[in-house]
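Novice: got a sequence here, can you build the structure:
(2 chains)
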Amino acid sequence: QKEVEQDPGPLSVPEGAIVSLNCTYSNSAFQYFMWYRQYSRKGPELLMYTYSSGNKEDGRFTAQVDKSSKYISLFIRDSQPSDSATYLCALISGGSNYTLTFGKGTLLTVNP
Amino acid sequence: SQTIHQWPATLVQPVGSPLSLECTVEGTSNPNLYWYRQAAGRGLQLLFYSVGIGQISSEVPQNLSASRPQDRQFILSSKKLLLSDSGFYLCAWGRPGGAADTQYFGPGTRLTVL
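Specialist: Just a heads-up that it's a prediction; the model follows:
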């Protein structure tokens, strides 16, 4: 079993839809959770960062972590065409200060 | 504010040729530095990371090498490229000494080996 599993999509939604992106992980040592957004042919940019179970909101984005289920989600409300990108989850083990483990990314297209 | 630069942006090289990709960071001191490769369908693969000048850790055995000649400069090299070296190479930096090291990525170099 891979350490981090992420549905690659592609996911296509109409503008204004609520989008749910998900990752599951197998190693309970992961303690810090991030979501990156990557536009085509660009480097990933950090969207959200959290370390505790529960929800963290930032504008239209909500990151949700359930450590007991080893499940993390990113919700996008009122999705816009500019949200079209690949979304990557990334996790850090509490025992490792330096390395991120990434999901493979989900390609999202928001249609106007 | 901090910025990270990579060059070249795009590179096409023949098999067996050498490689040198450069990454520099501005606006911070003693950053942690990282090289990743992103190949189609394979996600982001960590290649090397460095927590200081002259300190390089390799995550994946391969024909690539990394060097950090200056505090904010990170170089990825190869003596002889393979077809399998094609991909999108990303440099990233992280805040020094952070326990939860969020990383910030550069614009990337797209390498095609023919």
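Novice: rest of the way, CA atoms for contacts and neighbours
Specialist: Noted.
Novice: can you list the strands that the helix-or-strand element of chain A with minimal mean pLDDT pairs with?
Specialist: Ranking every helix and strand in chain A by mean pLDDT, DSSP states H and E puts strand A:100-102 at the bottom, with a mean of 88. According to DSSP bridges, strand A:100-102 forms sheet pairs with strand A:85-93 (antiparallel).
Novice: identify each buried residue in the partner strand, please.
Specialist: Residues of strand A:85-93 classed as buried under the neighbour-count rule (16 or more other Cα atoms under 10 Å in any protein chain shown) are A:85, A:86, A:87, A:88, A:89, A:90, A:91, A:92, A:93.
Novice: got the contact list for it?
Specialist: A:6, A:21, A:23, A:29-40, A:98-109, B:100-101 (Cα atoms under 8 Å, 6 or more residues apart in numbering or on different chains).
Novice: give me the pLDDT for residue 93.
Specialist: The chain I'm using is chain A. Residue A:93 is assigned 79 on the pLDDT scale.
Novice: that's the wrong chain, I wanted chain B
Specialist: With respect to pLDDT, residue B:93 scores 92.
Novice: secondary structure element holding it?
Specialist: Assigned by DSSP states H and E, residue B:93 belongs to strand B:87-94.
Novice: leaving out chain neighbours, which residue sits closest to the closest residue to chain A within chain B?
Specialist: Nearest to chain A in chain B, going by Cα to the nearest Cα, is residue B:43, at a distance of 4.1 Å. Among residues not flanking residue B:43 along the chain, residue A:104 sits closest, at 4.1 Å (Cα to Cα, 6 or more residues apart in numbering or on different chains).
Novice: repeat that for residue A:46.
Specialist: Residue A:46's closest residue in space is residue A:36 (Cα to Cα, 6+ apart), at 4.5 Å.
Novice: please apply the same query to residue B:105.
Specialist: Counting by Cα to Cα, 6+ apart, the residue nearest residue B:105 is residue B:92, at 4.1 Å.
Novice: and that neighbour, how many residues sit next to it?
Specialist: Using other Cα atoms under 10 Å in any protein chain shown, residue B:92 is surrounded by 27 other residues.
Novice: so which residues on chain A come close to chain B?
Specialist: By Cα under 8 Å from any Cα of the partner chain, the residues of chain A that approach chain B are A:32, A:41-46, A:49, A:92, A:94, A:97-99, A:102-105.
Novice: give me that answer again for 10 Å
Specialist: Contact residues (Cα under 10 Å from any Cα of the partner chain) of chain A with chain B: A:8, A:31-34, A:36, A:41-46, A:49-51, A:88, A:90-105.
Novice: returning to what we had before: these two touch, right, the residue of chain B closest to chain A and residue B:37?
Specialist: Yes. Between residue B:43 and residue B:37 there is a contact under Cα atoms under 10 Å: 8.2 Å.
Novice: more neighbours: these two, which one.
Specialist: Neighbours were counted for residue B:43 and for residue B:37 using other Cα under 10 Å; residue B:37 has more, 23 against 17.
Novice: mind showing which ranges of chain A have poor pLDDT?
Specialist: A:1-2, A:94-98 (pLDDT under 70).
Novice: still on that earlier bit, just the buried subset of the contacts of strand A:85-93, please.
Specialist: Using 16+ other Cα under 10 Å, the buried members of those are A:6, A:21, A:23, A:30-38, A:98-109, B:100-101.
Novice: partner residues bridging the nearest residue to residue A:84 once chain neighbours are set aside?
Specialist: Nearest residue to residue A:84, sequence neighbours excluded (Cα to Cα, 6+ apart): residue A:109, at 4.5 Å. Note on residue A:109: beta-bridge partners by DSSP bridges are residue A:12.
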